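**Student:** What follows is a protein structure lacking sequence information:
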């Protein structure tokens, strides 16, 4: 379906607009040398176009060559016949094309015919031929009454109004962002517009219409530049906009044509769903100033129309498996379609959440726990990923110098034929990767449907930690004297102090690679986040005691399906990092109950419980290693 815009209701617009005077033209029948066929024309003594029309038969009674236009008569909106019936009740007006005609009937009084509408009623399939190739308009007597007579006061054609309705920007309560508006003392809509920055300088809420603006043909901006050579007019839809430039003088923009030049694929969306038209300073000059004499929209004239295509939305491909964010459902106020302007607010990702807004420090978050970004878009869709690496970095999109300095990363990505984009985040230094933005790319058009940030295998990298360390020079700053808790990717790790009576403390030790966790006794306990299970633990180490155990099993790599992990340290172990793999919790997930304890505590428990080794053999007393005490696994050191 198409939108067809045509204005025939100027009265309604007067409620919201300052209207220009109508500019129409009337062409009167002259009756100078009419041709009579069974008719007579008696001109009035006054010498004007008034006279008496009579007919003597009920068939083929015509008064032709009365001086009305012929040929293409589409510019004429009305035919007006002002008459007084003397004999009978009506007579005919004939629109000739070739040897055929279409007939209208004039009755006593002022008859006002909207030509297109009336002829279309008579001949809906070919009325247009009589309007484009009209040979003549003439009078003819009534077929039912003869002789007949009518006094003709006037007959004329009237053109459409050739001006549209103007709606002016009022500037009553504008909203200023790095701009000012100083109203003129005259109290009308004239004033001075100034801007103080070269980025994000807007004068909004200036009083122009919004919504469906397809009925407006022109945007006119009458201004005088004081500083600089131009400023911008922004057509907003959602967070994006299309931009036109006003220069010194009277700027007359044909809206459809100009917006189509800027965004040929989706200009219709800005015309059918325009949120706002506002002013913005020139990006190249600040401070800047312009005197605004007037800003207004003007509708199409009565006889013009514009065709605007409907917005065509793609079919939702369906949510993939996994914890994907449904973009449109999560943010119904934001347009998820890409290719809708070059100055849009991006999607910002942080801590697994999607935040909408300007790139500001309020949305920056640590993304170190994530290894992959997955986006479901339109097939072959192009995007630009914008990544910030410094919390304190300025977030304006125009800071390309900062990008060159390594604070930002810009990356072009493209979806495959199925609309899938996957970005490997492990290629970046995620310790300093604070946010990922998806700015609109106006070079193509499509939709962002779903977004997913995949969690990394949480890595507790002791070498990279900013902690105090102990060393060979006698420093004990890194000694762990009480339990220490760390969290990565939702996993909580608790490192115990050394066992009571131990001669060497557990500690962070200074090495050439950075801090290293050195433990001689005690344990490490890890708990998975809610709804998750730990399926693998791998300890990168410089030294590992063979009697150490992970959930009761020897070695420094463990695989299973548990909500928690217990690493028991039996002797000197030097750890660089511990990598944890997570999965969704399922029916096979268990909780390890072999909590670390001492042999004395085990003996106390054993007095009230039967004791077995892991082979199922009954024991008299606990022994070092894994014991089954009271039905639970207990590691005795």
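**Tutor:** Looks like it arrived, so ask away. On a predicted model such as this, the values are computed, not experimentally measured, just so you know. Numbering: from 1, shown residues only.

**Student:** Against residue 120, how distant is the residue lying closest to residue 119 once chain neighbours are set aside?
**Tutor:** Nearest non-adjacent residue to residue 119, counting by CB to CB, 6 or more residues apart in numbering: residue 127, 4.0 Å away. Glycine gets a C-beta too; all of them are placed from N, C-alpha and C. Here residue 127 is placed at a distance of 5 Å from residue 120 (CB to CB, to the nearest Å).

**Student:** same question, residue 168
**Tutor:** According to CB to CB, residue 168 stands 36 Å off from residue 120.

**Student:** again, but for residue 230
**Tutor:** Distance from residue 230 to residue 120, by CB to CB: 47 Å.

**Student:** Mind giving me the packing neighbours of the strand or helix carrying residue 423?
**Tutor:** For residue 423, the host element (DSSP states H and E) is strand 420-424. For strand 420-424, the packing partners by 3 or more CB pairs under 8 Å, 6 or more residues apart in numbering; DSSP states H and E come out as strand 370-377, strand 408-414.

**Student:** Tell me which of those is the most buried.
**Tutor:** strand 370-377 (a mean of 21; mean count of other CB atoms under 10 Å).

**Student:** ok, then the element right after the lowest-mean-pLDDT helix or strand in the chain?
**Tutor:** Every helix and strand in the chain was compared by mean pLDDT, DSSP states H and E; the lowest is helix 10-13, with a mean of 30. Using DSSP H and E, the helix or strand that follows helix 10-13 towards the C-terminus is strand 26-28.

**Student:** Buried residues in that following strand, which are they?
**Tutor:** residue 28 (16 or more other CB atoms under 10 Å).

**Student:** and it, how far out from the chain's middle?
**Tutor:** Strand 26-28 sits 52 Å away from the centroid of its parent chain (CA atoms, centre = their mean, to the nearest Å).

**Student:** and what of stretch 71-89?
**Tutor:** Worked out by CA atoms, centre = their mean, stretch 71-89 lies 53 Å from the chain centre.

**Student:** Report the buried residues of that stretch.
**Tutor:** 73, 76-83, 85, 88.

**Student:** Just the ones of those in strands?
**Tutor:** 76-83, 85 (DSSP state E).

**Student:** nearest to residue 243, of these?
**Tutor:** Residue 243 lies nearest to residue 77 out of those, by CB to CB, at 37.0 Å.

**Student:** gap between the closest residue to that closest one other than its chain neighbours and residue 188?
**Tutor:** Residue nearest to residue 77 in three dimensions, not counting chain neighbours: residue 160, with 4.5 Å by CB to CB, 6+ apart. Noted for residue 160: a distance of 30 Å to residue 188, by CB to CB.

**Student:** Same drill for these two, tell me which one is more crowded.
**Tutor:** Neighbours were counted for residue 160 and for residue 188 using other CB atoms under 10 Å; residue 160 has more, 20 against 13.

**Student:** I'd say that one and residue 114 touch.
**Tutor:** No - Residue 160 sits out of contact with residue 114 when judged by CB atoms under 8 Å, with a separation of 10.4 Å.

**Student:** List the residues that are in contact with both of the two.
**Tutor:** Contact criterion CB atoms under 8 Å, 6 or more residues apart in numbering; residues shared by residue 160 and residue 114: residue 77.

**Student:** what sits against the closest residue to residue 173 other than its chain neighbours?
**Tutor:** Using CB to CB, 6+ apart and skipping residues adjacent in sequence, the residue nearest residue 173 is residue 205, 6.1 Å away. By CB under 8 Å, 6+ apart, the contact list for residue 205 reads 173-175, 276, 278.

**Student:** One more: residue 116?
**Tutor:** Per CB under 8 Å, 6+ apart, neighbours of residue 116: 74, 77, 127, 131.

**Student:** mind giving me JSON lines with the residues you listed and columns for distance to residue 627 and pLDDT?
**Tutor:** Written out in JSON lines, the entries for those read as follows (distance: CB to CB, whole Å; pLDDT from 0 to 100):
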{"residue": "74", "distance to residue 627": "102", "pLDDT": "91"}
{"residue": "77", "distance to residue 627": "102", "pLDDT": "92"}
{"residue": "127", "distance to residue 627": "102", "pLDDT": "95"}
{"residue": "131", "distance to residue 627": "104", "pLDDT": "95"}
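
**Student:** Out of these, name the two that are farthest from one another.
**Tutor:** Most distant of those, by CB to CB, are 77 and 127, 14.6 Å apart.

**Student:** Show me the shaky parts of the stretch 201-350 of the chain.
**Tutor:** By pLDDT under 70, the weakly predicted segments of the stretch 201-350 of the chain are 239, 313, 328, 330-350.

**Student:** If we use 90, what do you get?
**Tutor:** 201, 236-242, 262-267, 269, 273, 282-286, 301-350 (pLDDT under 90).

**Student:** quick one, strands of it?
**Tutor:** 202-204, 216-227, 230-237, 240-247, 249-254, 276-280, 288-299, 306-309, 325-326, 337-338, 347-350 (DSSP state E, counting those that start in this stretch).

**Student:** swap in the stretch 51-200 of the chain?
**Tutor:** Ranges of strands within the stretch 51-200 of the chain are 51-55, 62-64, 76-87, 90-97, 100-107, 109-114, 136-140, 148-159, 166-168, 175-177, 179-183, 191-195, based on DSSP E, counting those that start in this stretch.

**Student:** on that earlier part again, given the strand holding residue 423, what are its sheet partners and their directions?
**Tutor:** Strand 420-424 sits in its sheet next to strand 370-377 (antiparallel), going by DSSP bridges.

**Student:** How about residue 619, nearest residue that isn't a chain neighbour?
**Tutor:** Residue 619 sits nearest to residue 611 (CB to CB, 6+ apart), 4.3 Å away.

**Student:** in terms of contact, does that neighbour touch residue 625 like I think?
**Tutor:** No - contact between residue 611 and residue 625 fails when scored by CB under 8 Å: they sit 12.0 Å apart.

**Student:** Who has more neighbours out of those two?
**Tutor:** Legend: neighbour count by other CB under 10 Å for residue 611 and residue 625, higher for residue 611 (22 against 16).

**Student:** now the more buried one, which residues is it bridged with?
**Tutor:** Going by DSSP bridges, residue 611 is paired in beta bridges with residue 619, residue 629.

**Student:** With residue 237 instead?
**Tutor:** Bridge pairing for residue 237 - DSSP bridges - gives residue 240.

**Student:** rewinding a little: from the contacts of residue 205, which is closest to residue 531?
**Tutor:** Nearest to residue 531 among the contacts of residue 205: residue 276, at 43.0 Å, using CB to CB.

**Student:** Spit out the contact partners of that closest one.
**Tutor:** With CB under 8 Å, 6+ apart, residue 276 has these contacts: 204-205, 208, 210, 234, 236.
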